[in-house]
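S.K.: Build me a structure from this.
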Amino acid sequence: MESLPARGLTKKQLKQLNAMDGNESEETTPVRRKGESAEEKKARKAAVKLDRKVVWRLVDHSLSELYICCTDLLLYCQERRVEKKNTKVAFRQEEANQKRQQIAAKSNLQANKIL
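M.R.: Next up is the predicted model:
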């Protein structure tokens, strides 16, 4: 996800976030009127502030879920790496054992021919 700007989300980013959450509704913040009063301005700004808090909580929640997924993935990768290494070691040991057995069988055959 792109980094969030300091001043808030753009309309495009809000639409993307809403699309990710399954909300297809338009932006809920009211548009500024030209001759709005001080009370209307305070109410509009409070609504914008509340929306930003909600969005940041959603983003923070999404980031925490992403962090959990990443840590799970890292743990899985580490476990898989150890498993692969153990498998390689086991196969090398088995290969060495088989070579020793072949050499022993070959030397036994040669000893039997000599006798």
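S.K.: now the host helix or strand of residue 66, how far from the chain's geometric center?
M.R.: According to DSSP states H and E, residue 66 maps onto helix 38-114. On the basis of C-alpha atoms, centre = their mean, to the nearest Å, helix 38-114 sits 11 Å off its chain's mean C-alpha point.
S.K.: list the helices and strands it packs on?
M.R.: Applying 3 or more C-beta pairs under 8 Å, 6 or more residues apart in numbering; DSSP states H and E, we find helix 38-114 packed against helix 11-21. Where you see a C-beta, it was placed from the backbone N, CA and C, and this is true even at glycine.
S.K.: What angle do helix 38-114 and the helix it packs on make with each other?
M.R.: 60 degrees (axes from the mean of the first three to the mean of the last three C-alpha atoms, to 10 degrees).
S.K.: Just the CA trace of helix 11-21, in PDB.
M.R.: Coordinates of each C-alpha in helix 11-21 appear next as PDB, following Å, rounded to 0.1, in the frame of the first residue of the first chain:
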ATOM      1  CA  LYS A  11     -10.500  11.200  -3.100                       C
ATOM      2  CA  LYS A  12      -8.800   8.500  -5.200                       C
ATOM      3  CA  GLN A  13      -7.200   6.900  -2.100                       C
ATOM      4  CA  LEU A  14     -10.500   7.000  -0.200                       C
ATOM      5  CA  LYS A  15     -12.200   5.300  -3.200                       C
ATOM      6  CA  GLN A  16      -9.500   2.600  -3.300                       C
ATOM      7  CA  LEU A  17      -9.800   2.100   0.500                       C
ATOM      8  CA  ASN A  18     -13.500   1.900   0.200                       C
ATOM      9  CA  ALA A  19     -13.200  -0.600  -2.600                       C
ATOM     10  CA  MET A  20     -10.800  -2.700  -0.500                       C
ATOM     11  CA  ASP A  21     -13.300  -2.700   2.400                       C
END
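S.K.: Good, wrapping up.
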